[in-house]
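Chemist: Got a sequence here, can you model it:
(chains A, B, C and D)
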2 protein chains.
Amino acid sequence: MSTPAEPRRRADAVRNRRLALDAAMTLLAEPGAPLTVEAIAKQAGVGAATVVRAFGGKDALLDAAVSRLLEPVVRRARDLLAETTPYQALRTFLRELVAFQTAHHAVNDQLDGLDLPATTALRAGLVAAVEEMIEGARREGAIRTDLDPAVVTTLIGRTALAVARTQPPSQVLADAYLTVLLDGLRPAR
Amino acid sequence: MSTPAEPRRRADAVRNRRLALDAAMTLLAEPGAPLTVEAIAKQAGVGAATVVRAFGGKDALLDAAVSRLLEPVVRRARDLLAETTPYQALRTFLRELVAFQTAHHAVNDQLDGLDLPATTALRAGLVAAVEEMIEGARREGAIRTDLDPAVVTTLIGRTALAVARTQPPSQVLADAYLTVLLDGLRPAR
DNA sequence: AGTTAACTGAAATAAGCGTTCCAGTTAACT
DNA sequence: AGTTAACTGGAACGCTTATTTCAGTTAACT
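Modeler: This next block holds a predicted model:
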């Protein structure tokens, strides 16, 4: 059987889909933004119905927007793993992760109880990369070995998010967090 | 002028007020509970209107319920400060705080963007107590002195909450958190 | 027991949200 | 230029919740 009567896609539909995606990404980076369909539509300059239709629903749109924001972060984690030692990669990546989360805390706020396939997959990739850093750093003797790497990864994920969520954003707090966390992860004396 | 015609308070109103408060406290301790007026009313065995009227609104009811849950925690912090050394008090209290937050994470979930006077006051008391522990522990030489005590307090508050929020609750994660945090707070070598 | 008014709770209301409808518009193709 | 159907967006809808209404109930006092 051939494809079941695939409808033509008009140029304005493609354009509006991109506008909706851009608008969602913009609002995700803005602290305290409403993130309603109405707000996204207004930001995009189109009607609410168009925003919903473009992705088949609000959740799917958020999935796409968050994925586009998360993608470079995951890639950066993998790059760091390839470029430098695991511990150095961990240090550098954590700093950048907190900065990213601070700049996009709406991402984290809105995504706890949702089922977003693409986002979930990317998050899994992120977790895998961090776990790799931790396992490598253990083998290097750079961090303590009395804690399960998976637990440490979860710990980092949860706490980094919490620090980034602080309103208003505080660089001092972020620095203190990284200092305490990394010192706390050093090998036992 | 005298009090402007204070109306009599009937026994059933007093009883229902208590039922509503107990119901709210119960639901706050249950993970994933809806925490709607309807749910609270059902738990209390009264009508929704009665629940709302008893405190003048849902927010005021939550304020009262959360306060009653938070009160013993604040008292415990003060007791520990009086009974033992600041650092020991900090260690003990943090462990208990994480346990409390794990058992009542609905408390934290629902209370980020709300204006709840009594709860806010109690939280301030909690922050003050922890800050006292940290300052005392610094003077003892038990923790590092290169970080602002207020920042450390904020850090602890944010991260403890995040760890407690983990679903399902994980004692292993909580222990790892406390280990890393306390080691990370130790004086620089 | 009778009177009063505080109180109750089912139902109505209000407000915010995502989604769907549909009359009109417009891109795409001839 | 004309035809077609994909597309648009204001309006209507459906759903969830907090709040208010009000006819009936009942505690409190005499």
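
Chemist: Now do the same for A:P7: its pLDDT.
Modeler: pLDDT recorded at A:P7 is 69.

Chemist: and what of the one 10 residues further on?
Modeler: You'll see A:R17 listed with a pLDDT of 98.

Chemist: Tell me which stretches of chain A form helices.
Modeler: Per DSSP state H, chain A carries helices over the ranges A:11-29, A:37-44, A:48-55, A:58-83, A:86-103, A:105-109, A:117-140, A:149-164, A:171-185.

Chemist: For these, give me JSON lines that also has distance to DNA strand C.
Modeler: Heads up, the C-betas are built off the backbone N, CA and C, glycines and all. Conversion of these to JSON lines gives the following (distance: least, Cβ to the nearest atom of the strand, whole Å):
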{"stretch": "helix A:11-29", "distance to DNA strand C": "3"}
{"stretch": "helix A:37-44", "distance to DNA strand C": "4"}
{"stretch": "helix A:48-55", "distance to DNA strand C": "3"}
{"stretch": "helix A:58-83", "distance to DNA strand C": "3"}
{"stretch": "helix A:86-103", "distance to DNA strand C": "22"}
{"stretch": "helix A:105-109", "distance to DNA strand C": "13"}
{"stretch": "helix A:117-140", "distance to DNA strand C": "15"}
{"stretch": "helix A:149-164", "distance to DNA strand C": "22"}
{"stretch": "helix A:171-185", "distance to DNA strand C": "29"}
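
Chemist: Check the ones you listed for me and report the most buried one.
Modeler: A comparison of the helices of chain A by mean neighbour count, using mean count of other Cβ atoms under 10 Å in any protein chain shown, puts helix A:149-164 on top with a mean of 21.

Chemist: re earlier: now distance to chain B too, for the helices of chain A, in CSV please.
Modeler: As requested, the helices of chain A are arranged in CSV below (distance: least, Cβ to the nearest Cβ, whole Å):
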stretch, distance to chain B
helix A:11-29, 17
helix A:37-44, 16
helix A:48-55, 24
helix A:58-83, 19
helix A:86-103, 12
helix A:105-109, 9
helix A:117-140, 12
helix A:149-164, 3
helix A:171-185, 3
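
Chemist: Where among those helices is average confidence lowest?
Modeler: helix A:105-109 (a mean of 80).

Chemist: Format the helices of chain A as JSON lines; extra columns: distance to B:K42.
Modeler: Rendered in JSON lines, the data for those read as follows (distance: least, Cβ to Cβ, whole Å):
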{"stretch": "helix A:11-29", "distance to B:K42": "36"}
{"stretch": "helix A:37-44", "distance to B:K42": "31"}
{"stretch": "helix A:48-55", "distance to B:K42": "34"}
{"stretch": "helix A:58-83", "distance to B:K42": "29"}
{"stretch": "helix A:86-103", "distance to B:K42": "38"}
{"stretch": "helix A:105-109", "distance to B:K42": "29"}
{"stretch": "helix A:117-140", "distance to B:K42": "34"}
{"stretch": "helix A:149-164", "distance to B:K42": "33"}
{"stretch": "helix A:171-185", "distance to B:K42": "41"}
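
Chemist: Mind checking these for the one nearest to B:V74?
Modeler: Closest approach to B:V74 among the helices of chain A (Cβ to Cβ): helix A:149-164, 21.2 Å.

Chemist: what's the angle from that closest one to helix A:86-103?
Modeler: Regarding helix A:149-164 and helix A:86-103, their directions subtend 30 degrees when assessed with axes from the mean of the first three to the mean of the last three Cα atoms, to 10 degrees.

Chemist: gap between the residue nearest to the spatial centre of chain A and DNA strand D?
Modeler: Nearest to the centroid of the C-alpha atoms of chain A, with distances taken as Cα atoms, centre = their mean, sits A:L70, at 4.1 Å. Here the distance between A:L70 and DNA strand D works out to 26 Å (Cβ to the nearest atom of the strand, to the nearest Å).

Chemist: hang on, that residue packs against A:A121?
Modeler: No: because the distance of 9.7 Å does not satisfy Cβ atoms under 8 Å, A:L70 is recorded as not touching A:A121.

Chemist: Next, count neighbours for A:G113.
Modeler: Residue neighbour count, defined by other Cβ atoms under 10 Å in any protein chain shown, stands at 7 for A:G113.

Chemist: Provide the backbone phi and psi angles at it.
Modeler: phi -110, psi 20 (degrees, to the nearest 10).

Chemist: Outside of stretch A:126-139 itself, list whatever touches it.
Modeler: A:70, A:73-74, A:77-78, A:80-81, A:85-87, A:89-90, A:93, A:143-145, A:149-150, A:152-153, A:156-157 (Cβ atoms under 8 Å, 6 or more residues apart in numbering or on different chains).

Chemist: Equivalent analysis for stretch A:159-169, please.
Modeler: By Cβ under 8 Å, 6+ apart, the residues outside stretch A:159-169 that reach it are A:31-32, A:94, A:97-98, A:101-102, A:105, A:108-109, A:173-174, A:177, A:181, B:154-155, B:158-159, B:161-163, B:177.

Chemist: which one is the closest residue to DNA strand D within chain A nearest to, not counting chain neighbours?
Modeler: Here the residue of chain A nearest DNA strand D is A:G47; by Cβ to the nearest atom of the strand that distance is 2.4 Å. What sits nearest to A:G47 in space, not counting adjacent residues and going by Cβ to Cβ, 6 or more residues apart in numbering or on different chains, is A:A41, at 5.9 Å.
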